[in-house]
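Engineer: Need a 3D model of the following:
(chains A, B, C and D)
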Number of protein chains: 4
Amino acid sequence: MEHKIKKVVLAYSGGLDTSVILRWLQNTYKCEVVTFTADLGQGEELEPARAKAELFGIKQIFIEDLRETFVKDFVFPMFRANAVYEGQYLLGTSIARPLIAQRQIEIAEMVGADAVAHGATGKGNDQVRFELGYHALNPNIRVIAPWREWDLTSRTKLLEYAEHNQIPITKDKRGEAPFSVDANLLHSSSEGKILEDPALEPEEVVYQRTISPMDAPDKATEITIDFSHGDAVGINGEALSPANLLTRLNEYGKANGIGRLDLVENRFVGMKSRGVYETPGGTILLQAHRAIESITLDREAAHLKDSIMPRYAELIYNGFWFSPERRMLQALIDTSQASVAGTVRLKLYKGNVIVIGRESPHSLYSTRMVTFEDDAGAYNQQDAAGFIKLNSLRLRLGAAIGRRGGSL
Amino acid sequence: MEHKIKKVVLAYSGGLDTSVILRWLQNTYKCEVVTFTADLGQGEELEPARAKAELFGIKQIFIEDLRETFVKDFVFPMFRANAVYEGQYLLGTSIARPLIAQRQIEIAEMVGADAVAHGATGKGNDQVRFELGYHALNPNIRVIAPWREWDLTSRTKLLEYAEHNQIPITKDKRGEAPFSVDANLLHSSSEGKILEDPALEPEEVVYQRTISPMDAPDKATEITIDFSHGDAVGINGEALSPANLLTRLNEYGKANGIGRLDLVENRFVGMKSRGVYETPGGTILLQAHRAIESITLDREAAHLKDSIMPRYAELIYNGFWFSPERRMLQALIDTSQASVAGTVRLKLYKGNVIVIGRESPHSLYSTRMVTFEDDAGAYNQQDAAGFIKLNSLRLRLGAAIGRRGGSL
Amino acid sequence: MEHKIKKVVLAYSGGLDTSVILRWLQNTYKCEVVTFTADLGQGEELEPARAKAELFGIKQIFIEDLRETFVKDFVFPMFRANAVYEGQYLLGTSIARPLIAQRQIEIAEMVGADAVAHGATGKGNDQVRFELGYHALNPNIRVIAPWREWDLTSRTKLLEYAEHNQIPITKDKRGEAPFSVDANLLHSSSEGKILEDPALEPEEVVYQRTISPMDAPDKATEITIDFSHGDAVGINGEALSPANLLTRLNEYGKANGIGRLDLVENRFVGMKSRGVYETPGGTILLQAHRAIESITLDREAAHLKDSIMPRYAELIYNGFWFSPERRMLQALIDTSQASVAGTVRLKLYKGNVIVIGRESPHSLYSTRMVTFEDDAGAYNQQDAAGFIKLNSLRLRLGAAIGRRGGSL
Amino acid sequence: MEHKIKKVVLAYSGGLDTSVILRWLQNTYKCEVVTFTADLGQGEELEPARAKAELFGIKQIFIEDLRETFVKDFVFPMFRANAVYEGQYLLGTSIARPLIAQRQIEIAEMVGADAVAHGATGKGNDQVRFELGYHALNPNIRVIAPWREWDLTSRTKLLEYAEHNQIPITKDKRGEAPFSVDANLLHSSSEGKILEDPALEPEEVVYQRTISPMDAPDKATEITIDFSHGDAVGINGEALSPANLLTRLNEYGKANGIGRLDLVENRFVGMKSRGVYETPGGTILLQAHRAIESITLDREAAHLKDSIMPRYAELIYNGFWFSPERRMLQALIDTSQASVAGTVRLKLYKGNVIVIGRESPHSLYSTRMVTFEDDAGAYNQQDAAGFIKLNSLRLRLGAAIGRRGGSL
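Structural biologist: Residues are numbered from 1 along each chain as shown, chains lettered A, B, ... in the order given. Below you'll find the predicted structure:
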């Protein structure tokens, strides 16, 4: 029914699964495959992916370090919103997918490809995030999702296909991984298999980015984070690029057992799933951003942000980064951050991020106004009487006709 | 201008400040004063308040233990909403005020009083919370707020007034307290004076309800909490009344350094203030409630709750517990909790509340659905293709006329 | 792939299309078909459907008058919310689908059917609304959507199939209808074909439920509507059942050219479509309900309702009537309506619904409070000063550090 | 208590009331008064205000035509949001106050005044709107609200004061006006006295800007409105400046009996009030803007706008135009309007605004996609099956454990 594919850009990690996909695309579509491998801070070397791709006869191989772009244009805008999905998840996987999709589409247009392919499964959110991005950025691109198309429905079949197609299988891949991992500079996520029962505690082996709070130092580490226009720009007074800053925070977080989360969440495709997340630097950053906002943001600006945040987080989780509604919300959020600047002091201790000080040249906190001492007329306590009388007027009118206590 | 007061019900703690208020009411309004002293779990003995009131010639003295009502009818309904003000504050003071106001009005009606009085200052939120409650519950009651009316604007004047009126001053009250405290079964809050500069870390002496995470045991404490209809009903398998349950959680929290918060928040009256809160049991309860909801609540039910939560929390913070809008939101929230039941397992460790298991007879979590293994047809991966295609249709139509990537 | 169907309950109108579907089900699935024909006030006789069904050898034929249920349990709850989709559409089609789905499932369970079928096309919203209802009410039911399955993709093929299968085709069905119609007691909707170009005005022939405002009487018709608990209960002082009341309002609306709407809307499946709607009685009802709420509903109750209304309307439009989130929102809405009672006076005139009076025993409108005349102390104008001072406090603090006019 | 006033800028209409205020300011504060009279399209000559002010010895007299600024920078941004307060009110008075406040503050800073004064009463919204603007724009300015300060609490006292102070009283002002009016280019509002009983229909004499629908022509008037970036830019193909465009629409509206509204609304100060509004051009503009958005705005962009609209409208109604939250919402709204361009065709007929066509170079409406005819593969109906299956997955999982029909 569909017309033939000529050239496809594959999001390629160099691992076994995407190598099988690579070969499967060649076998199935008889098309040229272009590989794209991105460094988003997942902590793996990328160059082996080149060698592997060459083994498959790939001619156009893209290997790119996107870490700075990732943090500057995706992670930081999201953190301006204090985005948290379902009250807890810092969206570490969700926020990486749009960048990969964007770059894949750019490469596809550059090399004249008519399709893109990804290695996400048919049950998860990532397929949605990749494909919504592809479609929004190029409405004519063909999308190939091998996990939804092929019949390699078990590990055994996959390995057989690999062997049959001369795909090298490293020893540790023979056995099946006890859980599945995704990682980038913001976080790592683990799910599946041994983690599937939400009644059971994850084993310590699951955690890869953080030491246990139990193993963290008995002494608190104290740091400061500087902000400008809502973004973190320095640590302990040293200016750092976005990716370097997040890398540094990850080190602090890891060392102090910060940022672990064991969560049952609701997927966009309709089921509940259980994930174990580690977001060491992001967890620190969120607390620090909230703290600097607490003295620089107007109350109603802050409450408006809080009220739209769940929707914003949901959009990103569901894969609608490249959508009009996300852009509109971003405009609202970015507008709020002009004066969100200053320095936050933190103690990091065995899983705790403790704010111990905030200062800003744009502080709206007025000691003179709030003081218990004589305020020299800054605030007229009589005003409170009128304030309360008019705020209660509707309630008094209701009570006067028998609707007491706000009853309806 | 206002007509004469005959009888006033005073929210009376028995301390120096409300004793001065008591005498001031007698002196200023020449009216009978009825005292009302409530045990909300603040951790002070109440009987001394009776003796003191008698010293002032008070004839009608109400001393009541409201702890169970407080937790059952105020704290628990609020926790069903996962209410958090400005992303962090668990509303410990806010939620106690409506109950005091309600009981004061009930007593006023019982004893035929035409006024009520409270000891909150003119700069804070509590005056608003008390008075909105009074007005909503009885539109004709007169409200006396001495701190906004009198001229005892300094500590020295207050002490002079006390001495001049034969009010006993305990030695420790001679000097001024270094900060101000409010406490009940849910939390204690400290603010003012030495805490006024948000750039400075609170001294350890400020904390009264929790030991420091640093001083907490090196070994995690493991507990379970049972839920029914969204409320906690038992700990470690033992059924407990609401107040007993919260008391027990407070002990666990205190011992493990849990529930401290150092926050700059926005008051309803328009200024920013800095508070130090300790909510040991509430912090545990919030995590546990979120965890039991994570497996029993439908996704959209959960997201709807999340989306209205900031507004609900703001209402409570601002003092609108007895309002139509709070009742409407409560109806929505309570409707959602019918199947929020089951057991959550937690580790408490040096300030950390770590969810390590959740189980429920009403669990919507389906291992069969989510599994990475063969799911025996529970989920058809092909469905995802159509799901994505239609979710992206509007984006593709936009991109097709040049509005790529969701641009507008 | 799927297992065999034994018995299917078909939503059957008796018209040509659903007759073809009926035969196609028999031919394709070799299963027993049960027909279900409901009177929702679409204005067609139902008994011919019985005769037709018998011609096809159907043994179990359900023909039911659901008008009262429709208005009482679906239309009225929705009108309590003042629900309007995309600012204009009164959801006349959307609100009928859940009832049909519900009754189909009930019948399926009664007759032991393992499947249900509907006649909605694969491009529209109705397939979604039917099927979400089916799935939510019975997770095991099989759903057959012939328009998505068969190859009768053109009118010609459909007619051929009919002829080939001895399905009687009335003369007027030979030619193709110039547009497609759906109708029930709340509204009629027309779309497709001659209506597809949104730049062109619909011809007068499209309208079936209303005369043109141009042809309506030159004199206004005056009526009153009585409300109780948010629902209309009488017209001109006469108590009426829900369906009778809506029928009566439809007559008033029709005669006065009220309730026409020509709209481009956004479908849940992702495309824009153009519909022409006629909701004569509903348009009157909405205005009247808003008017009675205007004097009986507290301000914040009303604003809260307004703020959640778009979401509620979207849920109904998208087909999520039988969902937790709709039930939660309904609880909020219904809670608000306890005192929404009284009488509204209206003038109906050439397309206009003009509110000319509202009265209620629960009125919160206080002439004494609002009067320009002396109010005898009901309202103290000095209170406004304090009210304004505290409402502006945060803005003054912002301006004082250079963020004038609310700039950020 | 407050320090002396030196110079005050008064919002001066030249009418009796503000003339009394002018003299009262001179008498009471012994200060210099600067008058500011603005043409916002209220339809009165301004030059007489100069002569009158000179009679009072005023040296600095500002008379300014602000109509273009009013429509361009206040009315149009608000209409981009389709802002409607409490479902009906187009905010005609609310949107004019911030401009007056802004210009008053600018003049005060220019002439070195230390105070501003306005003629709004102590019961209404306008005092709040003026003063929030003043405070937000200049935190140090003194605000004088004579109606809250003086003792001229009856019409008789006011006239006596006028006579006693040689203020000329035109004959028609001797008797009391039967209702109070505010007007500008967007609307006129009438309230008070004979309009105070919401059970009674307003007499025809109340209406000043529109003829009755009953008296409007029997023939429809057809017009087109061109839009660019969300703003109206031309009528019937003729490009018009903002104020000229709105003036023209007012003429069309007036002649066709369009834009009358009789409403009970909720004031920010806590009471309900009844207003009669006439917004002829604005009513047409709102319909036209919705229509052009209907084909150019993405669904979720439109729904997001709809969801924040009630809050945006409330902000403007309450007087928070110059606030961070209004600016943030405006950023969101303005971002959405980039492609809201094209032409809308309308019929105006006896109170009805009927959209009869919309066209745009940026139209997202796709006839090819939506057609009932063969769409040549534009839309794959099979996609709908997967879309529905995954949208219902959570509901099916719920039903499978007994929570049927979305019950909780």
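Engineer: show me where the stretch 251-400 of chain A has strands.
Structural biologist: Listed in chain order, the strands of the stretch 251-400 of chain A (DSSP state E, counting those that start in this stretch) span A:260-266, A:272-278, A:342-349, A:352-359.
Engineer: Tabulate the ones you listed in a markdown table, adding columns for mean pLDDT, mean neighbour count and distance to chain D.
Structural biologist: From N, CA and C alone the C-beta is placed, and that goes for glycine too. A markdown table is the format used below for the strands of the stretch 251-400 of chain A (pLDDT from 0 to 100; neighbours: other CB atoms under 10 Å in any protein chain shown; distance: least, CB to the nearest CB, whole Å):
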| stretch | mean pLDDT | mean neighbour count | distance to chain D |
| --- | --- | --- | --- |
| strand A:260-266 | 98 | 22 | 7 |
| strand A:272-278 | 97 | 24 | 8 |
| strand A:342-349 | 98 | 23 | 17 |
| strand A:352-359 | 98 | 21 | 19 |
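Engineer: and the lowest-mean-pLDDT helix or strand in chain A, does that touch chain B?
Structural biologist: When the helices and strands of chain A are compared on mean pLDDT, DSSP states H and E, helix A:171-174 comes out lowest with a mean of 73. No - using CB under 8 Å from any CB of the partner chain, we find that helix A:171-174 stays clear of chain B, coming within 15.3 Å at best.
Engineer: can you pull the buried residues of that helix?
Structural biologist: A:Lys173 (16 or more other CB atoms under 10 Å in any protein chain shown).
Engineer: What are the contacting residues of that helix?
Structural biologist: A:15-16, A:159 (CB atoms under 8 Å, 6 or more residues apart in numbering or on different chains).
Engineer: 10 Å instead?
Structural biologist: A:15-17, A:155, A:158-159, A:162 (CB atoms under 10 Å, 6 or more residues apart in numbering or on different chains).
Engineer: TSV for the strands of the stretch 251-400 of chain A, including distance to A:Gln381?
Structural biologist: Output for these, formatted as TSV (distance: least, CB to CB, whole Å):
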stretch	distance to A:Gln381
strand A:260-266	45
strand A:272-278	48
strand A:342-349	30
strand A:352-359	27
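Engineer: Is A:Tyr89 bridged to anything, and to what?
Structural biologist: On the basis of DSSP bridges, A:Tyr89 is bridged to A:Tyr85.
Engineer: can you tell me how far it sits from D:Phe36?
Structural biologist: 55 Å (CB to CB, to the nearest Å).
Engineer: Near A:Asn380, how many other residues are there?
Structural biologist: Neighbour count for A:Asn380, taken as other CB atoms under 10 Å in any protein chain shown: 16.
Engineer: the longest helix in chain A is where?
Structural biologist: If you go by DSSP state H, chain A has its longest helix at helix A:299-318.
Engineer: mind exporting that one as PDB, just the C-alpha atoms?
Structural biologist: Output in PDB follows, covering the C-alpha atoms of helix A:299-318 (Å, rounded to 0.1, in the frame of the first residue of the first chain):
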ATOM      1  CA  ARG A 299       3.000  35.800  44.200                       C
ATOM      2  CA  GLU A 300       0.400  35.700  41.400                       C
ATOM      3  CA  ALA A 301       3.100  35.100  38.800                       C
ATOM      4  CA  ALA A 302       4.300  32.100  40.900                       C
ATOM      5  CA  HIS A 303       0.700  30.800  41.400                       C
ATOM      6  CA  LEU A 304      -0.100  31.100  37.700                       C
ATOM      7  CA  LYS A 305       3.000  29.100  36.900                       C
ATOM      8  CA  ASP A 306       2.100  26.500  39.500                       C
ATOM      9  CA  SER A 307      -1.400  26.300  38.000                       C
ATOM     10  CA  ILE A 308      -0.300  25.600  34.500                       C
ATOM     11  CA  MET A 309       2.600  23.400  35.400                       C
ATOM     12  CA  PRO A 310       0.800  20.100  35.600                       C
ATOM     13  CA  ARG A 311      -0.500  20.700  32.000                       C
ATOM     14  CA  TYR A 312       3.000  21.700  30.800                       C
ATOM     15  CA  ALA A 313       4.600  18.600  32.300                       C
ATOM     16  CA  GLU A 314       1.900  16.400  30.900                       C
ATOM     17  CA  LEU A 315       2.500  17.900  27.400                       C
ATOM     18  CA  ILE A 316       6.200  17.100  27.600                       C
ATOM     19  CA  TYR A 317       5.600  13.600  29.100                       C
ATOM     20  CA  ASN A 318       3.100  12.800  26.300                       C
END
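Engineer: now the angle between strand B:260-266 and it, please.
Structural biologist: Counting by axes from the mean of the first three to the mean of the last three CA atoms, to 10 degrees, helix A:299-318 lies at 120 degrees to strand B:260-266.
Engineer: quick check, helix A:299-318 touching chain C?
Structural biologist: Yes - Helix A:299-318 reaches chain C (CB under 10 Å from any CB of the partner chain) through A:299-301, A:307.
Engineer: ok, those vs D:Gly119, which is closest?
Structural biologist: A:Glu300 (28.2 Å; CB to CB).
Engineer: Tell me who's in contact with the residue lying closest to that closest one once chain neighbours are set aside.
Structural biologist: Nearest in space to A:Glu300, with sequence neighbours left out and distances taken as CB to CB, 6 or more residues apart in numbering or on different chains, is D:Glu325 at 4.2 Å. By CB under 10 Å, 6+ apart, the residues touching D:Glu325 are A:298-305, A:307, A:332, A:336, C:406, C:408, D:311-312, D:315.
Engineer: Can you select the buried ones from those in ChimeraX?
Structural biologist: A single ChimeraX command selects the buried members of those (16+ other CB under 10 Å):
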select /A:298,299,300,301,302,303,304,305,307,332,336 /C:406,408 /D:311,312,315
